[in-house]
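Chemist: here are the coordinates; sequence isn't available:
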């Protein structure tokens, strides 16, 4: 149920994070964001999200290694992860899925599509 679902968004574009979290919060989710990987790790532990939305590149760091790291923890093995990327390359999408992402969204994000995927 949306009222209980906590979502953590990771993207170094603060404006995009604010747009996404506002949209989701208005629809009954409890969402917060991080704009750096360090901040993300901190909020992952303290917020205990039910769902992750992770940008493929954060501060020029590839998020694929982050996804692998998250999947290495028993508590997060089944945590749904959507990767957002500006790259429309099919191989990159397949790579994200193989690294442990559950889905991939291409920027610019269509908020209605994101909402549907999270429900």
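Modeler: All right, it came through fine. Given the structure is predicted, the values throughout are model-derived calculations rather than measurements. Numbers count the residues shown, from 1 in each chain.

Chemist: next structured bit after the helix or strand of the chain with the lowest mean pLDDT?
Modeler: Sorting the helices and strands of the chain by mean pLDDT, DSSP states H and E puts strand 61-62 at the bottom, at a mean of 81. In the C-terminal direction, the helix or strand that comes right after strand 61-62 (DSSP states H and E) is helix 64-71.

Chemist: Can you give the contact residues for whichever helix or strand comes after that next one?
Modeler: Counting by DSSP H and E, the next helix or strand C-terminal to helix 64-71 is strand 81-85. Here strand 81-85 makes contact (CB atoms under 8 Å, 6 or more residues apart in numbering) with 11, 51-57, 63, 67, 70, 92-93, 96, 100-107, 109, 114, 117-118. In this view, the C-beta of every residue, glycine as well, is placed from N, C-alpha and C.

Chemist: who's in contact with the helix of greatest length in the chain?
Modeler: In the chain, with assignment by DSSP state H, the single longest helix is helix 14-26. With contacts defined as CB under 8 Å, 6+ apart, helix 14-26 is touched by 7, 9, 11, 31-35, 53, 109, 111, 114-115, 118.

Chemist: Got a PyMOL select line for the buried ones in those?
Modeler: In PyMOL, this line selects whichever of the contacts of helix 14-26 come out buried by 16 or more other CB atoms under 10 Å:
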select buried, resi 7+9+11+31+32+33+34+35+53+109+114+118
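
Chemist: pretty sure residue 117 is touching residue 101, no?
Modeler: No. Residue 117 lies out of contact with residue 101 (CB atoms under 8 Å); the separation is 11.7 Å.

Chemist: These two - which one has more neighbours?
Modeler: residue 101 (23 against 14; other CB atoms under 10 Å).

Chemist: Compute the distance between the more buried one and residue 26, please.
Modeler: 25 Å (CB to CB, to the nearest Å).
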